[in-house]
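K.L.:
Give me a 3D structure for the following:
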Amino acid sequence: MANPLATAGPQNFSFNQTMLRVKDPKKSLDFYTKYFGMTVINKGDYSDFSLYFLVTLPEGQSAPSDVTSEEARAYRKSGKYGCCLELTHNHGTETQEDFSYHNGNSDPRGFGHIGFLVDDVYAKSEELEKDGFEFAKKPDDGNMKGLAFVKDPDGYWVEIIKRSSDSPVTGRPTFQQTMLRVKELEKSVEFYKTHCHMTEVCRIDFPNYKFTLVFMATLTEKEKECMPAPDSEAAQAKLWSLPGTTLELTYNYGTDKDADFEGYDNGNKEPKRGFGHVAFMVDDVYAASEALEKAGCKFQKKPDEGKMKGLAFVLDPDGYWVELVKREVAETEAATTGGDEASAVDIDEVEPLDRTLSVLITQDDAKDQVLKTGFLNKEGGRIKSWKKRYFVLTPSALAYYSEQRRMESDLKGGVLMENIVKAQPADPSTCKKQYAFTILTGERNFQVQASSLEERDSWIQAINDALAAMNPEGLSSASLARENRLMKEEIDRCKALINGRSKPAGDIELIYFDGPGRGELTRLVLNCGNISFKDTRVADWAALKADPDSLPNKLFSVMPILKVGDYSFSESNAITAYAAEIALNSLTLRPEQRAVDNMIKNVHGEIQIKLYKTLFGSDESKAAAKATLPEDLKIVMKGLENACPESGFIHGGETPSLGDLAIFDMFSSKFPGLKACGIDLSSYPKFTVKLKSILPACLIYVCQKCSPLQKLSENIHLSQLIVQKEGFSLRFGSFSYTKTCD
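P.N.:
Numbers count the residues shown, from 1 in each chain. Here you go, the predicted model:
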């Protein structure tokens, strides 16, 4: 019973991982591999942290030898090992002598421990004690004899439990449980039962000690039928023979009725971080998240929020983070486990995204001329296995996505139509798949599988009809080859423009006054793109202007000035446009979108001129400028109302463009800015509504990117900015935001 590979529920939920943060991965990996027989199956390295995934390998399985390889990642994403222990290492903690994580067993409490089944608790404890490990409880300590709690290198408690004699596994430790304390037991049981499709396999009540334990596991329907009643002795006996991993919920009497009890800590709050989350693997993260959201569950992160798309964190009743991870199972495995071949997905890598293709097929005209869509299975380019993909045929390209619902952001690859020669049924001597067809191109051939003979022939016909429409005059192969060559040259030129940001010609220096003004927008743009630059602040403008060899005198006697390697240029419009190219990937925008950004940037300059007139000059001229300012602003403000989106950034997506930052600066700058100059925006209600959407989005992005934050606070009209070691919090009018730095 309790197959570690069992799944349950509409999206095939399976208990997949427990995450702990660790200070020194070398020590932690040695502890879990040497003493508890775990195997590292995958390692992921990122700029600031690394992830290590460890499992109790099922009998007969072996892990990839290179844990950083695509093969290792694919194995982890398959979930065919059961439940893993994810160790998260934030780089640098291993060298900090006074650094430690919180184990969850002192205030604030929450996470309790993980546990392993062993054949002999006493022998395992003796081995660990001999090697110098500290115990929270030895086997004969306390009232509960025969079980132990050893502390791992970070102080997390690891329970050592005796395995039942009827267990199908012997001779090696197995990852058996993760324990979480819960405030309201039945509410938590219902959450994991209803929303994560777990089964209560055992319930043990300890009235003398005033607590109850409930163990939950992922079971198949057949396994559920064989389960004894959870509160029976038979259930307890079976509990310690389970080969899979359980979730242990610990309820201390009275916590649900104690008005002063604020609840347990989820492990993700400074300064007491440690435990991170539990996770479930599902077939479709988006569908699972949608069902959870409809059921009223709260989210820490939805699938399309943040930078990491396609994964989600839902909150359980106690606020513990529950991650949803997409399962990727090879087609051959799906067939042997009862899966539908037509709906199978594979675990191998797909071709890199062609960014030129991405631009071409997302044009409005291409969207309006979709010729055919549908799910097909596609053979991988390097590792010859198959993945289910959602294909879209347009006059320009044949593209494929991982899921239909994510077409706006999840293009996986494809081929431009001018590169396709024809589509035809697959040669059975080279492709054994039923209903397969081949797409011939000049460089390689694609093998694709339909769900039926009719569907295969329909796709072949649609592709070949699209090709015929591209060559209505029946040009010869030589003529077509010439046309394709010229097109390829143009595409290569476009790739050079849009494939990533343009590279600066050298070190960058911005020269401007020691204040916001016309230079602040360029600072914002460069900082938001993580572009390093020297921010030179001019204190004595008169002396600089008097120097005939100074850069201002060589460049129209104005500032700001930007130096890039051997190049120097002035005029704020030119400078900010250049900054947007290298920092915000503005060349990946359509020409019309860049025109909108430039329009707003020009309006930004016009508003600055009008505001400057109220700040400089004689008292009479400043008073006159202030008197006419409301009328002077009417036209530009009405235009901005029409340019701003109802919500989010001007061009959508998750990052601001030059236009967004121009609006942000014209409103928030201390000198000159609409807010700082006391401009009454009540006459522009539509603009005000849109500001409430665009400003927080920009503010969060800017505050996450710009450094140092104290300098940012000097230039932006913030009500309050508090910078602390572990992060920062700020207030902007009625808007507030807090950021915790990992």
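K.L.:
How far does stretch 549-561 sit from its chain's centre?
P.N.:
Counting by Cα atoms, centre = their mean, to the nearest Å, stretch 549-561 is centred 44 Å from the centre of its parent chain.
K.L.:
Show me which residues of it are buried.
P.N.:
Of all the residues in stretch 549-561, those buried under the rule 16 or more other Cβ atoms under 10 Å are S550, L551, P552, L555, M559, P560, I561. C-beta here means a position set from N, CA and C on the backbone, and glycine is covered the same way.
K.L.:
How much space separates the last one from R594?
P.N.:
To tie it back to what came earlier, the one meant is I561. To R594, I561 is 23 Å away according to Cβ to Cβ, to the nearest Å.
K.L.:
Show me the buried residues of stretch 549-561 that map onto helices.
P.N.:
L551, P552 (DSSP state H).
K.L.:
so which two of the buried residues of stretch 549-561 are the farthest from each other?
P.N.:
The span of the buried residues of stretch 549-561, defined through Cβ to Cβ, is set by S550 and P560 at 13.7 Å.
K.L.:
who are the neighbours of the lengthiest helix in the chain, in terms of helices and strands?
P.N.:
When the chain is parsed with DSSP H, its longest helix is helix 619-643. Applying 3 or more Cβ pairs under 8 Å, 6 or more residues apart in numbering; DSSP states H and E, one finds that helix 619-643 makes contact with helix 591-613, helix 685-705.
K.L.:
Just give me the lowest mean pLDDT stretch among those helices.
P.N.:
Lowest mean pLDDT within these: helix 685-705, at a mean of 62.
K.L.:
Just the strands from the stretch 101-250 of the chain, written as ranges.
P.N.:
All strands of the stretch 101-250 of the chain, identified by DSSP state E, counting those that start in this stretch, fall at 111-118, 135-137, 148-151, 157-162, 174-182, 199-206, 211-217, 246-252.
K.L.:
Parallel or antiparallel, list what pairs with the fourth one.
P.N.:
Sheet neighbours of strand 157-162, with direction, are listed as strand 111-118 (parallel), strand 148-151 (antiparallel) (DSSP bridges).
K.L.:
Using JSON lines, please lay out those together with distance to L249 and mean pLDDT.
P.N.:
Shown next, in JSON lines, are these (distance: least, Cβ to Cβ, whole Å; pLDDT from 0 to 100):
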{"stretch": "strand 111-118", "distance to L249": "10", "mean pLDDT": "95"}
{"stretch": "strand 148-151", "distance to L249": "18", "mean pLDDT": "96"}
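K.L.:
so which of these gets nearest Y400?
P.N.:
strand 111-118 (40.0 Å).
K.L.:
Alpha carbons only: can I get the closest one in PDB?
P.N.:
Taking C-alpha atoms only, strand 111-118 is exported to PDB below (Å, rounded to 0.1, in the frame of the first residue of the first chain):
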ATOM      1  CA  PHE A 111       7.400  23.300  11.600                       C
ATOM      2  CA  GLY A 112       8.500  20.400  13.800                       C
ATOM      3  CA  HIS A 113      10.600  17.800  12.100                       C
ATOM      4  CA  ILE A 114      11.200  15.400   9.300                       C
ATOM      5  CA  GLY A 115      11.400  11.700  10.000                       C
ATOM      6  CA  PHE A 116      12.900   8.500   8.700                       C
ATOM      7  CA  LEU A 117      12.000   4.800   9.100                       C
ATOM      8  CA  VAL A 118      14.900   2.600  10.000                       C
END
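K.L.:
Could you quantify the relative orientation of it and strand 174-182 as an angle?
P.N.:
Relative orientation of strand 111-118 versus strand 174-182 (axes from the mean of the first three to the mean of the last three Cα atoms, to 10 degrees): 160 degrees.
K.L.:
From the chain's centre, how far out is strand 111-118? Work that out for me.
P.N.:
With Cα atoms, centre = their mean as the basis, strand 111-118 stands 29 Å off its chain's centre.
K.L.:
again with stretch 658-666
P.N.:
Taking Cα atoms, centre = their mean, one finds stretch 658-666 lying 26 Å from the centre of the chain it belongs to.
K.L.:
quick one: secondary structure of the spatially most central residue of the chain?
P.N.:
Centroid-nearest residue in the chain: M308, 1.1 Å away (criterion: Cα atoms, centre = their mean). For M308, the assignment made with DSSP: H, G, I helix; E, B strand; the rest coil gives coil.
K.L.:
out of the buried residues of stretch 549-561, who's nearest W240?
P.N.:
Nearest to W240 among these, counting by Cβ to Cβ, is P560 at 71.2 Å.
K.L.:
need the contact list for the closest one.
P.N.:
By Cβ atoms under 8 Å, 6 or more residues apart in numbering, the contact set of P560 is L510, I511, Y512, R518, G519, T522, S570, S572, I575.
K.L.:
go again using 10 Å as the cut-off
P.N.:
Counting by Cβ atoms under 10 Å, 6 or more residues apart in numbering, P560 makes contact with 510-513, 517-523, 536, 538, 552, 569-572, 575-576.
K.L.:
Among those, the buried ones, what's the ChimeraX command?
P.N.:
Command for ChimeraX that selects the buried part of the contacts of P560, burial taken from 16+ other Cβ under 10 Å:
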select :510,511,512,517,518,519,520,521,522,523,538,552,570,571,572,575,576
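K.L.:
Of the contacts of P560, which belong to strands?
P.N.:
Counting by DSSP state E, these place L510, I511, Y512, F513, T536, V538, F569, S570 in strands.
K.L.:
so I650, which of the three states?
P.N.:
Put simply, I650 is coil when judged by three-state DSSP.
K.L.:
Not counting the longest helix of the chain itself, show me its contacts.
P.N.:
So helix 619-643 is in contact with 596-597, 599-600, 602-604, 606-607, 609-618, 650, 659, 662-663, 666-667, 674, 677-681, 683-691, going by Cβ under 10 Å, 6+ apart.
K.L.:
Is it correct that G659 is in contact with N598?
P.N.:
Yes: between G659 and N598 there is a contact at 8.2 Å, judged by Cβ atoms under 10 Å.
K.L.:
Those two: who's more crowded?
P.N.:
G659 (29 against 18; other Cβ atoms under 10 Å).
K.L.:
chain center to the strand or helix carrying the more buried one: distance?
P.N.:
Using DSSP states H and E, G659 sits in helix 658-668. Its chain's C-alpha centre and that of helix 658-668 lie 26 Å apart, by Cα atoms, centre = their mean.
K.L.:
Look up how far L371 lies from the nearest residue to T194 once chain neighbours are set aside.
P.N.:
Spatially, and ignoring its direct neighbours in sequence, T194 is nearest to A295 (7.5 Å; Cβ to Cβ, 6 or more residues apart in numbering). According to Cβ to Cβ, A295 and L371 sit 38 Å apart.
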